[in-house]
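**Q** sequence isn't available, so here's the structure alone:
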């Protein structure tokens, strides 16, 4: 008689058929599904066969007190984070893995760098693809303009200095970093 709530649905993941079948078997005892965006709700209903009435969207929330205040002028935040305040920044934040599709980000960086001499790029995060991505940046001719920061504890401060946050992920739900970047005044460009 205890209600069951599943809260782990945070992105649209293509699951193997056996896992979908197991989830459908367990669905009989599940009262509600909580998801963080409409895209996941639609995916669960369409591909997973879950009744729309059992799926509720609760968007991610963020703590604005942890973020620098919204600002159109990003120079002071860039300087405080250790970057040249007069050079614009485009960043992507996340694990360096296949899901995040950093090669697309780096190819876009190369295209932008070819026409915009005052733009630099940040890859914020770490993961198994770091060495491969550093080589790709070098081969695209943007190795000097792309800074791989590794894992950072000051991402909110970095976002205050970023002009554009890019997210080239192959699949996502509603990433907090997009909301956080927009709350600081950065433009979000996401696939």
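**A** Cool, the structure landed. What you see is a predicted model, and the numbers here were worked out from it, not measured in a lab. Numbers count the residues shown, from 1 in each chain.
**Q** stretch 151-171: which residues count as buried?
**A** 155-169 (16 or more other Cβ atoms under 10 Å). (Glycine included, C-beta is placed from N, CA and C.)
**Q** can you find the helix or strand in the chain with the smallest mean pLDDT?
**A** The weakest-scoring helix or strand in the chain, judged by mean pLDDT, DSSP states H and E, is strand 5-9 (a mean of 60).
**Q** buried residues, the helix or strand following it. List them.
**A** Once the chain leaves strand 5-9, the next helix or strand it forms, by DSSP states H and E, is helix 17-27. For helix 17-27, the neighbour count (16+ other Cβ under 10 Å) marks 23, 27 as buried.
**Q** and helix 17-27, what does it pack onto?
**A** If you count contacts as 3 or more Cβ pairs under 8 Å, 6 or more residues apart in numbering; DSSP states H and E, helix 17-27 packs onto no helix or strand.
**Q** rerun that using 10 Å as the cut-off
**A** Contact analysis of helix 17-27 by 3 or more Cβ pairs under 10 Å, 6 or more residues apart in numbering; DSSP states H and E lists strand 5-9 as its packing neighbours.
**Q** that older thread, restricted to helices, list the buried residues of stretch 151-171.
**A** 155-161 (DSSP state H).
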